[in-house]
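Generate a structure from the sequence data that follows.
(chains A and B)
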Amino acid sequence: MRHVISVLLENESGALSRVSGLFSARGYNIESLTVAPTDDPTLSRMTIVTSGTERIIEQIIKQLNKLVSVAKLTDLTEVEFIEREIMLVKIRAVNSDREEIKRLADIFRGRILDVTETTYVVELTGDDHKLNAFLAACGVDNVLEVARSGATGIARGEKSLKV
Amino acid sequence: MELNGGALLMEALKEEGVELVFGYPGGAVLHIYDALYQQNSVKHILVRHEQSATHAADGYARATGKPGVVLVTSGPGATNAVTGIATAFMDSIPMVVLSGQVQSRFIGSDAFQEVDCVGITRPCVKHNFLVDSLENMAQTIKEAFYVATTGRPGPVVVDIPKDFTTPGVTVPFEYPDSVEMRSYSPPSQGHPGQIRKATDLILSAKKPMIYSGGGVVLGNASEQLRSFTQLLGYPITQTLMGLGAYPASDKQNIGMLGMHGTYEANIAMHECDVLIAIGARFDDRVTGEVESFCPNAKIVHVDIDPASISKNVTVDVPIVGNVAQVLEAMIEQIKATEKRVDPADLASWWALIKDWQSKKCLDYDLSDNVIKPQAVVEALWRETKGDAYITSDVGQHQMWAAQYYGFDKPNRWINSGGLGTMGFGLPAAIGVQLGFPDEIVACITGEASIQMCIQELSTAFQYGTPIKIINLNNRYMGMVRQWQEFSYEKRYSHSYMDALPDFMKLAESYGHVGMNIENPADVDGALAEAFALKDRLVFMNFVTDQTENVYPMIEAGKGHHEMRLNPQRELA
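Numbering: from 1, shown residues only, chains lettered A, B, ... in the order given. Just a heads-up that it's a prediction; the model follows:
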């Protein structure tokens, strides 16, 4: 099953490689991994999207907790949570397609950031279902390039991940 | 007090109570070696290869319980140390490795003797640090010792760029009294609710079994384990790493379990209905095929590392905490309740075990013509009254040492269980002997393993460590040969050691006493003679039976109930 794990870790050189090294050394899947500093400059927040059996997910969480650089973590999939990813996609836009793609971008609440005679760059935010749906709607042949940020997430309500 | 980086390191080691540092100098640590020269509180042991520095510090740590400390230079110094660091990591041994690094401004430039030491060691350390300034060095050292010695112990590497130890650059020195790390908080107390649940289960068993491991030795919980086991009257089996934590000579001990464990221990594991795992990690050499591991048992697991719980085998009642504390709490609860296992159930369980014991799975045939390796280990036990510190290398001799030298005390059995590092035995023995100069230290080894760190005979001579080396020389990498015999139709691919040195002369050339023993009748006398030389290292080369195998054995992919017994001794 797919899990979204948020991790607060010490914002120090090498901390990222401790986490990525753990995943490769123990053969765990990484679907995506994002990391950036938080409001507290000494801490980074990492979002890992992974998958595995319950037993593997339990091991992943325990092994992450065991890393000395990891301050705190939560499995967002255990609670109500919001997941977002940003995607920039370059699409071939000629003739009648120009209008169609503009319309699709509107439907998906995307924004067109760059326009040339033959292409658009569309910015789109959402969970991975939405992003995939947009790409499918545009048609594989029209999609020239995709840049996705990987997912980030946060729990709904009062619950917050803080040190 | 204003100190430069090198002097600061020395003061920090002194504050940590470090007496010995095992190391080897080089360019990046020259400033540190200069500081070492100018003080008297920390003694440096010069090894002949950095791998041995880590093994010696490791042996010292396993025997004394104190963290081992290593000092190596950058580049090859650091990479040579990696095998020893990984060895300590796999067996959870507290160790602090100080490695030199090129000057901070050269890091990343492929400078002379530069490697990414933090990167290379990351997967085999509990944690590692690259010192980022002279100002933070004392704090980093404090944290390194704290992390290495608390919770589940392990090796910690501190990589120190050379410019932070420059003699002319100083900072005010103040060593922190305590350390707090928001991202590291080792567990201590077991959860009272879980302990209650465990006690209930333990007292409701009909066929209970205690399985204890290296965590009991590391957690100094032997006394508690003994009280717990004797209070309950249950059978106990120990892992390779746990030997000695419960006295081998006690009647409740039914021997080691696992691949080369006793028949009775493994069958009892298979048949038990409640398994109490204490400070053990369900290693594959212990469990055999996981699918058929303890098929009828509810499992209690006490361990300080939450990640060890339900990693390989799913357990029913996990307790995360300090083993000694959890055992004490369980003892208290057992004493407070009237509830006991039905004595009739326990008696019939013991009757079954006695029956399995009657197979005498460790018996072997003696010979008048050729020395049996098992007999040498038994003779060593008699000669040392079972009270020596025994280090070993890896292979058949290691298993025979574990099977035939009955350890009654913890910290006496020093071997590389997890990583299985050949070459460990001799340097580890040096470390043990330096930790306990007045105790008897013997290294049980083979002619293949000993050659991996043979150069340490020179270190042993320099520091006058009177180790007794028991070389069980069968002219084969015995364990490799055994597997080739069983699984590869006796195609002995590269397991024969041609062109062996004359070990007697080799020992003598290093300044030691060498002995060749070829006749079974000479074994006892030779040992007596060697151990009478109290202040000399004696290298005893026993020419042993080439065809001897380690029995019993669980082959790969098999369960505890499918043991292979010694074919010559197999009973109905």
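
Show me what counts as buried in the longest strand anywhere in chain A.
The longest strand of chain A (DSSP state E) is strand A:81-92. Residues A:81, A:83, A:84, A:85, A:87, A:88, A:89, A:90, A:91, A:92 are the ones in strand A:81-92 that count as buried (16 or more other C-beta atoms under 10 Å in any protein chain shown). Yep, even glycine has a C-beta here, placed from its N, CA and C like the rest.

Same question for stretch B:199-219.
By neighbour count on 16+ other C-beta under 10 Å, the buried set for stretch B:199-219 is B:199, B:201-203, B:205, B:207-219.

Any part of that stretch near chain A?
No - Stretch B:199-219 lies out of reach of chain A by C-beta under 8 Å from any C-beta of the partner chain, never closer than 15.3 Å.

Show me where the stretch 51-200 of chain B has its strands.
Applying DSSP state E, counting those that start in this stretch to the stretch 51-200 of chain B gives strands spanning B:68-72, B:95-101, B:127-130, B:155-161, B:170-172.

Quick check, the residue in the stretch 301-450 of chain B closest to chain A?
residue B:307 (4.0 Å; C-beta to the nearest C-beta).

who's in contact with the closest residue to that residue other than its chain neighbours?
Nearest residue to residue B:307, sequence neighbours excluded (C-beta to C-beta, 6 or more residues apart in numbering or on different chains): residue A:62, at 4.0 Å. Applying C-beta atoms under 8 Å, 6 or more residues apart in numbering or on different chains to residue A:62 gives the contacts B:306, B:307, B:309.

do the same with residue B:4
For residue B:4, the contact set (C-beta under 8 Å, 6+ apart) comprises B:31, B:35, B:165, B:166, B:167, B:168, B:169, B:170.

ditto for residue A:44
Applying C-beta under 8 Å, 6+ apart to residue A:44 gives the contacts A:8, A:9, A:10, A:11, A:15, A:16, A:35, A:36, A:37, A:38.

same thing but at 7 Å, please
Each residue near residue A:44 by C-beta atoms under 7 Å, 6 or more residues apart in numbering or on different chains is listed here: A:9, A:11, A:15, A:35, A:36, A:37, A:38.

And those, which of them are buried?
A:9, A:11, A:15, A:35.

any idea which of the residues you listed is closest to chain B?
Nearest to chain B among the buried ones among the contacts of residue A:44, with distances taken as C-beta to the nearest C-beta, is residue A:9, at 7.2 Å.

What lies in contact with the strand or helix carrying the closest one?
Using DSSP states H and E, residue A:9 maps to strand A:2-10. For strand A:2-10, the external contacting residues (C-beta under 7 Å, 6+ apart) are A:15, A:42-51, A:57, A:61, A:64, A:69-77, A:81, A:83, A:151, A:153, A:161, A:163, B:183.

can you put the contacts of residue A:62 in a markdown table and add neighbour count?
Putting those into a markdown table (neighbours: other C-beta atoms under 10 Å in any protein chain shown) gives the following:
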| residue | neighbour count |
| --- | --- |
| B:306 | 19 |
| B:307 | 19 |
| B:309 | 21 |
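
any chance you could map the helices in the stretch 51-200 of chain B?
B:76-90, B:117-121, B:137-149, B:192-202 (DSSP state H, counting those that start in this stretch).

highest average neighbour count across those helices?
helix B:76-90 (a mean of 24; mean count of other C-beta atoms under 10 Å in any protein chain shown).

Does anything pack onto it? Which helices or strands?
Using 3 or more C-beta pairs under 7 Å, 6 or more residues apart in numbering or on different chains; DSSP states H and E, the elements in contact with helix B:76-90 are helix B:50-64, strand B:68-72, strand B:95-101, helix B:117-121, strand B:155-161.

what's around residue B:34, how many residues?
15 (other C-beta atoms under 10 Å in any protein chain shown).

and if you look at residue B:563?
Neighbour tally, residue B:563, other C-beta under 10 Å: 23.

All the helices of chain A, in order from the start?
Taking DSSP state H, the helices of chain A run over residues A:15-25, A:54-66, A:97-107, A:128-138.
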